[in-house]
Structures are given as C-alpha cells and as structure tokens.
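The following comprises the amino acid sequence and a computationally predicted model.
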Amino acid sequence: MGNTMSDLHKVTLQEIRQKKDASQKITMLTAYDYPSASIVDEAGIDVILVGDSVAMTVLGYTSTVAVTMDEMLHHCKAVSKAVHRAFLIGDMPFMSFQVSPEKAVENAGRFIKEASMDAVKLEGGKEVAASIKAIINAGIPVMGHLGLTPQTATKLSGFKAQGKTAEEARKLLNNALLLQQLGCFAIVLEAVPARVAEAITSKLTIPTIGIGSGGGCDGQVLVYHDILGLFDQFVPKFVKKYMDLRPMILDAIKDYGSDVVNLRFPEEKHTYHIEEDEWRKFLEAFGDEER
Ligand code: KIV
C-alpha cells in the first residue's frame, strides 16, 4: 500500500471484479472531505465511500435518516477533488431513491454529474429493485447494501445483526442474488453472521464487501472516524480502532489555548517583520516618530 505518482491510475470496476476472481481482498473506507479523502487515497485504499454516515460522524445528526441530497453532494464534491486513484461511491440518502425509479435516477445522476462520483450505493433489496434497475439502465453503476441497513433500522427493530435465523439468512441470500441479477457491481453486507456472509459470498459472482460480517467477504469497509477514534458516541462491536485520535486532538487544542493565554504563542519564529526603512516611512506617514 502507499502510492507513488506513477501508480495513481484510477481503480476501475473491472479491477474490483478481478480482485474477487483472484481471491484478493478489496479495501474500502469512508471519507467525507478533502483532507480525509486525500489521506485515504494516498494510503492506496481501493474504494472510497462518501457514506451517509457523514450524518452522524460529521454533521451531528442522531441517525443517517435526516441527511439530504444537497448535504451528501456537498461532501462528495470535496472528496472527488482530492482523489486521483480510488473508485468513488456516493451513498444515496434516505428517500432519495424510494419515491419512484424516476426520482432515483435523477438523484443518482446528480452524484455523477455534479459531484464526480463513479457509482452510487443504496440500501435495500426486493423493495427497491425497480429503482436499482432504473439507475443501472441509465448507465450508473450501483453497489447494493443488505443486512443491517441503518436507514431502515427502526423497521429492523434497531441496530442489530441480521440473518441470524435460517429464514432471515435465506431471505438475505435471495436478495443478494436479486441484486446481482439486476446488475449491481458489488454488495455491502452489514452485520451479517460470518458463516451466512461467507455462504452468500460463495454464491455470487460479484464481490461482497463486509462490515461486521466476518473475514469471508471479498472485501471490508469501515468508517474513517471509527478506525481513527474520532467518533466516540457509539462504537459498534465490529470496529477496529487503529488510533485513538480524539484525546490526542483534545490535548493539542488545550495546549494551544493555554499557550495563547500564557503568552507562549506566538513565538518569534511565527512572526512576520517589516524592514526598518519601511517602518520609518510608515511612522512618518502615520505622524508618530516616537515609536
Ligand atoms: O454510510 C456508511 O458509512 C455506510 C458503510 C459503513 C457501509 O453505509
């Protein structure tokens, strides 16, 4: 991992598919703004998702339900400006694809035309099949999302694992096969028991990307703020924290405040100077030669 300028070619749909065929894992991570996207891209992650998780991690909403198309596009635009290599996916927010297939195509199109995304992701199976089909027919690649679908968590009776009974697991498999048949290029499986996710993965020719669904998926996705320890209000069991940044940032900002109050900042090296003769001319014009 880690890019040099020479390998900054754009990841393609074909390469994502080939990774499954070659049993190579696909890496995916969220990003929501220019600096985070630029770091994720430089690290060599294959796919960047501008997830509707931005609602909670960045915008302060209590769930993903409230985030709007305009808010999603605002973040997607910043991300696409930073990214040279990774495949970019914009997450369709709640109610942007359910109302009608026409509305779904219109909104999916905005992710591509206005925010330079390569594809869209949307949550759901059979119930949103008509919208998925219409978007794909319009020439826009779609990533599906099954299992725990946070936009409809209320219907699923909360944020809990899905597919834990034989009947639920069968339903998940049928939905995954349907999404593949509709033409989705990959499917996120969220909070699905590892054995069920592995079985679904083996039945599909398109890749599965797991989040809380074990190591048997073709790839993994996590949320940027979760792996870096930037969001501590709710950390799901499936998150691996690679850093605990929030307390580090907190300490740094406290140090800054204290330096300002105690006259330790700015120092000489942080200060600009005016040449002596220019200073004198300024004082003359100012009528204050005493300084
Ligand atoms: O919004 C999001 O971040 C997601 C992923 C975590 C799959 O949908």
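Here it is on my side, so go on. Residues are numbered from 1 along each chain as shown.

Determine the three-state secondary structure at the residue nearest to residue 58 when sequence neighbours are not counted.
In space, and not counting its chain neighbours, residue 58 is closest to residue 32: 5.2 Å by Cβ to Cβ, 6 or more residues apart in numbering. Where you see a C-beta, it was placed from the backbone N, CA and C, and this is true even at glycine. Following DSSP: H, G, I helix; E, B strand; the rest coil, residue 32 is assigned to coil.

Over to residue 28?
strand.

Now that the residue nearest to residue 58 has come up, it's in contact with residue 77, right?
No - using Cβ atoms under 8 Å, residue 32 is not in contact with residue 77; the gap is 11.1 Å.

In terms of neighbours, single out the busier of those two.
Neighbours were counted for residue 32 and for residue 77 using other Cβ atoms under 10 Å; residue 32 has more, 26 against 17.

May I have the residues that are in contact with the more buried one?
Residues near residue 32 by Cβ atoms under 8 Å, 6 or more residues apart in numbering: 50-51, 54, 57-58, 75, 78-79, 224.

And it, how far from the ligand?
9 Å (Cβ to the nearest ligand atom, to the nearest Å).

Would you mind measuring from that residue to residue 142?
For residue 32, the distance to residue 142 equals 21 Å [Cβ to Cβ, to the nearest Å].

do residue 205 as well
On the measure of Cβ to Cβ, residue 205 and residue 142 end up 16 Å apart.

do the same with residue 100
Using Cβ to Cβ, residue 100 is found at 16 Å from residue 142.

What of residue 284?
From residue 284 to residue 142 the distance is 70 Å (Cβ to Cβ).

Neighbour count for those two, which is higher?
Set side by side, residue 284 and residue 142 show more neighbours around residue 142, with 28 against 10, by other Cβ under 10 Å.

right, and the more buried one touches residue 123 too?
No - using Cβ under 8 Å as the test, residue 142 is too far from residue 123 to be in contact (11.3 Å).

Would you mind checking which of the contacts of residue 32 is nearest to residue 277?
residue 78 (44.9 Å; Cβ to Cβ).

a helix runs through the closest one, doesn't it?
Yes - read with three-state DSSP, residue 78 is one of the residues of a helix.

right, and it touches residue 31 too?
No - judged on Cβ under 8 Å, residue 78 makes no contact with residue 31 at a distance of 9.1 Å.

Which neighbours do the two have in common?
Joint contacts of residue 78 and residue 31 (Cβ under 8 Å, 6+ apart) are residue 37.

Give me the more crowded residue out of the two.
residue 31 (28 against 19).

my guess is the more buried one meets residue 224, correct?
Yes - using Cβ under 8 Å, residue 31 is in contact with residue 224, at 5.5 Å.

Show me whatever sits in contact with both of those two.
Common neighbours of residue 31 and residue 224 (Cβ under 8 Å, 6+ apart) are residue 40.

Okay, helices next: where are they in this protein?
Assigned by DSSP state H, the chain shows helices spanning 13-21, 34-42, 54-57, 69-82, 101-113, 129-137, 166-182, 194-203, 224-227, 245-261, 276-286.

now the angle from the second one to helix 69-82?
If you take axes from the mean of the first three to the mean of the last three Cα atoms, to 10 degrees, helix 34-42 sits at 50 degrees to helix 69-82.

what does the last one give?
Between the axes of helix 276-286 and helix 69-82, defined by the same axes, to 10 degrees, the angle is 140 degrees.

quick one, what contacts the one residue in the chain that gets nearest to the ligand?
Minimum separation of the chain from the ligand (Cβ to the nearest ligand atom) falls at residue 51, amounting to 2.4 Å. Neighbouring residues of residue 51 by Cβ under 8 Å, 6+ apart: 30, 32, 91, 121, 223.

Please repeat the previous calculation with a cut-off of 6 Å.
Neighbouring residues of residue 51 by Cβ atoms under 6 Å, 6 or more residues apart in numbering: 30, 91.

same deal with residue 86?
Residue 86 makes contact with 11, 41, 45, 48, according to Cβ under 6 Å, 6+ apart.

what about 10 Å?
3, 10-11, 27-29, 31, 37, 40-49, 79, 118 (Cβ atoms under 10 Å, 6 or more residues apart in numbering).
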